[in-house]
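Undergrad: Sequence and predicted model, in that order:
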Amino acid sequence: ELHLTVRKEVKPLEQLAIKKRSLTLAVHSARGLMAMDRGGTSDPFVVVSFPGLKHRKTAVQYKTLNPTWNETFVFELPFPTSNDKDGPPVEWGIDDEREVCLELYDYDIVGSNDFLGRAAF
């Protein structure tokens, strides 16, 4: 079970040449994860992504099946405008149908990280 709080905020950033708004996501915790390591625990972390923007990762929580991250991520998004050469394209709006994706992994020092689950909204 992955707990997630999502808060939409529209706030102009006056210091930037292009007007933007932000999408704020808070990743709180997970409970009852699968044990992926030999000691009966996992080393979970979450990858947060939004199409067209750089993904973000939580810190790894070592040796736990009930991690708590309490981490907040802010994605800056340009305001939607017309599709002309002077502004960002319309498809960058926060109200379009792009999905926020959360992927949960078990961190491994050697080899690939183990996939634990995914949620999108």
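TA: Everything's here; your move. Numbering: from 1, shown residues only.
Undergrad: What is the burial count for residue 68?
TA: 13 (other CB atoms under 10 Å). The way it works is simple: take the backbone N, C-alpha and C, and place the C-beta from them, glycine included.
Undergrad: got a list of what it touches?
TA: If a contact means CB atoms under 8 Å, 6 or more residues apart in numbering, then residue 68 has 28, 29, 61 as its contacts.
Undergrad: All the strands of the chain, in order from the start?
TA: 2-9, 20-30, 44-49, 56-57, 68-78, 101-106, 114-120 (DSSP state E).
Undergrad: Would you mind reformatting the contacts of residue 68 (as JSON lines) and adding columns for distance to residue 70 while you're at it?
TA: Output for these, formatted as JSON lines (distance: CB to CB, whole Å):
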{"residue": "28", "distance to residue 70": "6"}
{"residue": "29", "distance to residue 70": "8"}
{"residue": "61", "distance to residue 70": "11"}
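Undergrad: Could you look over the strands of the chain and pick the most buried one?
TA: Stretch with highest mean neighbour count among the strands of the chain: strand 44-49 (a mean of 22; mean count of other CB atoms under 10 Å).
Undergrad: Packing partners of that one?
TA: Here strand 44-49 touches strand 20-30, strand 56-57, strand 101-106, going by 3 or more CB pairs under 8 Å, 6 or more residues apart in numbering; DSSP states H and E.
Undergrad: now what about that strand, what contacts it?
TA: Outside of strand 44-49, the residues within contact range by CB under 8 Å, 6+ apart are 2, 25, 27, 30, 33, 55-61, 64, 67, 69, 73, 100-107, 116.
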